[in-house]
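Q: No sequence on hand, only this structure:
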């Protein structure tokens, strides 16, 4: 199946948006914005179903609707789960990854920067960003 003429399962022409999404092309995406010192992730929300996605995408991942609109998530979230990786062939170790939940219900994977002894499930975290566009979460020191 060529990208110029994608087909649905029934064999009908489906249009150009059926091709795989290049959501890993980090150099061509603007995922992070900073407003008044707070960091937000730019994702998308379906106008018809309310389903949210990060990174942003043109098609709703649950309904297939082509009505995704830009949405901002952050600046705070809750650490749902985490793991510290101690063996890697491609990265300096150790590093920690965790799933974070935003108040809207979106869950996404994030780098976590904090000592393991500070981490726990349901820990309030805050988004942080570097000058080169990378982002991560840290424990939210202002949360009660």
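A: Received, thanks. Since we're looking at a predicted model, the values are computed, not measured.

Q: Neighbouring strands - and their directions - for the strand or helix carrying residue 83?
A: Using DSSP states H and E, residue 83 sits in strand 76-85. Sheet pairing for strand 76-85, assigned by DSSP bridges, gives strand 95-101 (antiparallel), strand 123-129 (antiparallel).

Q: so for the first one, what's the average pLDDT?
A: Okay, so that is strand 95-101. Mean pLDDT, strand 95-101: 97.

Q: what residues does the next helix or strand after that strand touch?
A: With elements assigned by DSSP H and E, the helix or strand that comes after strand 95-101 is strand 107-112. Residues from elsewhere that reach strand 107-112 (C-beta atoms under 8 Å, 6 or more residues apart in numbering): 41, 54, 73, 77, 79-80, 82, 95-102, 119, 125, 134-138. For glycine as for every other residue, the C-beta is placed from the backbone atoms N, C-alpha and C.

Q: From the residues you listed, list the buried ones, please.
A: Buried subset of the contacts of strand 107-112 (neighbour count, 16 or more other C-beta atoms under 10 Å): 41, 54, 73, 77, 79-80, 82, 96, 98-102, 119, 125, 135-137.

Q: Between the two ends of stretch 53-64, how far is it?
A: 12 Å (C-alpha to C-alpha, to the nearest Å).

Q: Run the chain-centre distance for it.
A: Taking the mean of its C-alpha atoms, stretch 53-64 sits 11 Å from the chain's own mean (C-alpha atoms, centre = their mean, to the nearest Å).
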